[in-house]
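*Asks:* Just the structure for this:
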Amino acid sequence: MKSSASVFGPVPSRRLGQSLGVDPIPFKTCNWNCVYCQLGRTFPMSLARAEYTPAEEIVAQTHRALETCTPDFITFIGSGEPTLHARLGWMIRQVRREQGPPVAVVTNGSLLRMPEVRDELLAADVVLPSLDAGSERLYRQINRPHRDLDFPGFLAGMEAFRNKYPGQIWMEVMLIRGLNDHEEALRDLASALARIRPDEVHINVPVRPPDEPWVRPPTPERLERARILLGATVSASSPGVGEEGTFQKLTTPEAVVSIVQRHPMTLSQIQAVLHGRPQDDVRQAVEDLRGSGRVTSVERFGQSFLVVAEARFS
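*Replies:* Residues are numbered from 1 along each chain as shown. Sure, this is the predicted structure:
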C-alpha cells in the first residue's frame, strides 16, 4: 500500500466549481495509455484493483480538509484511473454526508464493464466518464487501452451503468485533429452517446502537453461541427489561475511539484498560479528542482512544460 493519501484543494473547476480533490491512486496507475494524456505515458498498464492507499487514511484526510473548507464538490480524480482503487465505493459513501458537498468521480469509464464497479459508483452524485471514440479502431488509436479491454465491452458497461444509475452522467470527449474530428468519427461518437444517454456532453481540446507530440486540437470549424452533432458544450482544458490557497502550507518548491504532478505547466503559468509569491522565488525553485532531478521539461506546442521527473513522454 502507498503510505499517504492525496487530498488537495479546493481548486477551481469549470464543471464542479470549487472542488476538493481526492487522488487515491499512485502516479500514472492506469489501464489506458491515451495519446493526449498530460501526464505522459502509462508504464506499465494495469487492470489490477487494489487498495493502493489505505481507504481509512483517505477518508480521514478528506474529513480533516472539510473542517476548514466547504467545497462545491468532493471529487475523486486520479493521477491515474481512480476506479482501480478496490475500496472506492466505501470511500464515496464515507465522505458523502447529508447536507454535505456532493461527490463526483472523474473516470475513464473502462471498468464500468464490471458489475461491482458500477455498484460502487451508484453512491456518487455525478460521474464524469470519457468517450473519445465511437469505434474499436479509434478506441485503440486514441486511448490505447490495456490489451484485455475492448470497445464493445466498454460501451456495454457504460450502457449498463446508465440503466441503473440515478445520478448525473457528464460525458467528457477529447477531440484530436485528424483522429476523431472528421464526419464519420463524429457520427460514430453521436451514435455511442445516444446509447449511453448522458445528461451532459462536454468537448475538451488538448492544450496541456500531450504524450504524443503530434496531437493537436481540431480547427474551429471542426469543433463547431462536433458541437452541433454531439449536442455538446465546448471548453479548453487550460490551466487555471487562483489556486494559491491550495498551496499556502507548502514551501515554494513543494508547491511547484504538487502543481506539475497533476497539471504540467510552463514557468509563466506556474507563476500565475503562485501569484502571491515573488516571481524570482518561483523561478529559483524551478531551477533548483531541475538541478536536483525532481522535475524536468517536455516540449509541446512550441512551449516548454514542467513535469515531474517520473513522467514519461513519447
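*Asks:* quick one, strands of the chain?
*Replies:* 6-13, 17-23, 73-77, 103-106, 126-128, 168-174, 200-204, 233-234, 295-300, 303-308 (DSSP state E).
*Asks:* Where in the chain is the helix or strand with the lowest mean pLDDT?
*Replies:* Counting by mean pLDDT, DSSP states H and E, the weakest-scoring helix or strand in the chain turns out to be strand 233-234, with a mean of 78.
*Asks:* Just list what it packs against, helices and strands only.
*Replies:* For strand 233-234, the packing partners by 3 or more CB pairs under 8 Å, 6 or more residues apart in numbering; DSSP states H and E come out as strand 200-204, helix 220-230. Yep, even glycine has a C-beta here, placed from its N, CA and C like the rest.
*Asks:* So which of these is nearest Ala192?
*Replies:* Proximity to Ala192, assessed across the helices and strands packed on strand 233-234 by CB to CB, is greatest for helix 220-230 (10.0 Å).
*Asks:* got the CA positions of the closest one in PDB?
*Replies:* Extracted in PDB, the C-alpha atoms of helix 220-230 (Å, rounded to 0.1, in the frame of the first residue of the first chain):
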ATOM      1  CA  PRO A 220     -12.600  25.900 -35.100                       C
ATOM      2  CA  GLU A 221     -14.800  24.700 -38.000                       C
ATOM      3  CA  ARG A 222     -14.400  21.000 -36.900                       C
ATOM      4  CA  LEU A 223     -15.000  22.000 -33.300                       C
ATOM      5  CA  GLU A 224     -18.200  23.700 -34.200                       C
ATOM      6  CA  ARG A 225     -19.400  20.800 -36.300                       C
ATOM      7  CA  ALA A 226     -18.700  18.500 -33.400                       C
ATOM      8  CA  ARG A 227     -20.700  20.700 -31.000                       C
ATOM      9  CA  ILE A 228     -23.700  20.500 -33.300                       C
ATOM     10  CA  LEU A 229     -23.500  16.800 -34.000                       C
ATOM     11  CA  LEU A 230     -22.900  15.800 -30.400                       C
END
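*Asks:* who touches it?
*Replies:* 173, 175, 177, 181-183, 186-187, 189-190, 193, 201, 203, 205, 217-218, 232-234 (CB atoms under 8 Å, 6 or more residues apart in numbering).
*Asks:* gap between the two ends of stretch 20-29?
*Replies:* End-to-end distance for stretch 20-29: 21 Å, by CA to CA, to the nearest Å.
*Asks:* any idea how far it is from the chain center?
*Replies:* In terms of CA atoms, centre = their mean, to the nearest Å, the centre of stretch 20-29 is found 9 Å from the chain centre.
*Asks:* just stretch 101-118 next, same as before
*Replies:* 13 Å.
*Asks:* Hmm, Thr29 is touching Thr83, no?
*Replies:* No. Using CB atoms under 8 Å, Thr29 is not in contact with Thr83, being 11.0 Å away.
*Asks:* can you put the helices and strands packed on strand 233-234 in TSV and add mean neighbour count?
*Replies:* Shown next, in TSV, are these (neighbours: other CB atoms under 10 Å):
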stretch	mean neighbour count
strand 200-204	20
helix 220-230	15
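*Asks:* between the ones you listed, which gets nearest to Arg262?
*Replies:* Going by CB to CB, the one of the helices and strands packed on strand 233-234 nearest Arg262 is strand 200-204, 15.7 Å.
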